[in-house]
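K.L.:
one predicted model, sequence on top.
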Amino acid sequence: MDKKIGFIGCGNMGEAILGGIISSGVLEGKNIWVSELSSDRLKELSDKYEVNTTTDGKEVVKNTDIFIIAVKPNIYPVVLENIKELIDSTKTVVTIAAGVTIASVENIIGSDKKIIRTMPNTPALVGEGMTSISPNGVVKEDEVEEVKGIFKSFGKAEILSEYLIDSVIGVSGSAPAYVFMFIEALADGAVLEGMPREKAYQFAAQTVLGSAKMVLETGKHPGVLKDAVCSPGGTTIEAVKVLEEEGFRKAVIKAVEACASKSKKMSK
Ligand SMILES: NC(=O)C1=CN([C@@H]2O[C@H](COP(=O)(O)OP(=O)(O)OC[C@H]3O[C@@H](n4cnc5c(N)ncnc54)[C@H](OP(=O)(O)O)[C@@H]3O)[C@@H](O)[C@H]2O)C=CC1
Ligand SMILES: O=C(O)[C@@H]1CCC=N1
């Protein structure tokens, strides 16, 4: 890729994207600019990824074509006010924050500026991210495809209308946290039955990975795949019965609903 990419803020999510981009080889560190307020953090990132670093977000905008704002939602207005004079028609602003709407960004930098709202997740770091992409009206189709290509270099990416972002946060943006909880709980169960802890994490995580792959690659309904594991009168159906009794599905659906509802509240 011949474009230059920037990060304003590079914490958990920013680094997951940065690490994903570098591992995919789509861009080298010399074509990436990163700003953080802490010099120690910048040194850590330049040692690890050989990127250009600065404490001033303005330098990122000046040196890049596409830049990702990866600070907490409440810091967005501060960052946007600081850089807005430098944003012209050659720049594309990519946002990743929960609750930061395209309209709220347009209010600060202008609706004539190219803005792409995305919702990524941390598995980007290992090349298995899932990202939604919602451009504003002025981004051209090929420019949207270009940004989609960046996110596809470390996982899957889909162009979606912005109104779906709350469900995206519930099902993928925040969801790695619940999947990690599931893996932890699955491993705890195995430890209870006597398996050493490290082995338990390996067995649990590989089972989640393999099951997810089956859904994606066979195209079969998850219920059909579940039924194929449940031998009549066997072990699995005993576990399924307990999960139903304990409200497993209900808990997950309510969790996604709570997550989406918080996202809506943050957008007001
Ligand atoms: N974590 C996740 O899984 C996901 C997060 N997001 C979104 O990503 C964004 C970042 O979240 P996350 O990575 O978790 O948060 P982090 O706090 O880990 O990262 C934000 C980083 O930005 C730095 N920072 C703060 N102010 C500035 C500034 N003015 N200029 C440059 N850098 C600055 C922070 O430094 P310091 O710590 O020193 O303040 C920190 O390193 C949020 O908007 C969130 O909604 C979206 C999808 C998933
Ligand atoms: O918890 C959060 O608000 C962010 C947004 C999605 C994942 N983490």
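P.N.:
Happy to help now that I have it. Numbering: from 1, shown residues only. Ligands and ions are numbered 1, 2, ... in the order given.

K.L.:
ligand 1 contacts on the stretch 151-268 of the chain?
P.N.:
Neighbours of ligand 1 within the stretch 151-268 of the chain, by Cβ under 6 Å from any ligand atom: G173. Yep, even glycine has a C-beta here, placed from its N, CA and C like the rest.

K.L.:
let's see it at 8 Å
P.N.:
Proximity of the stretch 151-268 of the chain to ligand 1 (Cβ under 8 Å from any ligand atom) is limited to residues I169, G173, S174, P176, A177.

K.L.:
got a quick PyMOL command for the buried subset of those residues?
P.N.:
Provided next is the PyMOL selection string for whichever of those are buried by 16 or more other Cβ atoms under 10 Å:
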select buried, resi 169+173+174+176
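
K.L.:
show me where pLDDT drops low in the stretch 101-250 of the chain?
P.N.:
Regions of the stretch 101-250 of the chain meeting the criterion pLDDT under 70 are absent.

K.L.:
which parts of it are helices?
P.N.:
Ranges of helices in the stretch 101-250 of the chain, per DSSP state H, counting those that start in this stretch, are 102-109, 141-152, 165-168, 175-192, 197-218, 222-229, 236-245, 248-266.

K.L.:
got JSON lines for these, with distance to ligand 2 too?
P.N.:
Shown next, in JSON lines, are the helices of the stretch 101-250 of the chain (distance: least, Cβ to the nearest ligand atom, whole Å):
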{"stretch": "helix 102-109", "distance to ligand 2": "16"}
{"stretch": "helix 141-152", "distance to ligand 2": "15"}
{"stretch": "helix 165-168", "distance to ligand 2": "9"}
{"stretch": "helix 175-192", "distance to ligand 2": "7"}
{"stretch": "helix 197-218", "distance to ligand 2": "19"}
{"stretch": "helix 222-229", "distance to ligand 2": "23"}
{"stretch": "helix 236-245", "distance to ligand 2": "25"}
{"stretch": "helix 248-266", "distance to ligand 2": "8"}
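
K.L.:
of those helices, which stretch is the most buried?
P.N.:
helix 165-168 (a mean of 23; mean count of other Cβ atoms under 10 Å).

K.L.:
list of residues touching that one?
P.N.:
By Cβ atoms under 8 Å, 6 or more residues apart in numbering, the residues outside helix 165-168 that reach it are R117, M119, S132, S134, L160, V256, A260, S261, S263, K264, S267.

K.L.:
hang on, the earlier thing: closest one to G6 among the helices of the stretch 101-250 of the chain?
P.N.:
Of all the helices of the stretch 101-250 of the chain, helix 141-152 sits nearest to G6, with 11.9 Å by Cβ to Cβ.
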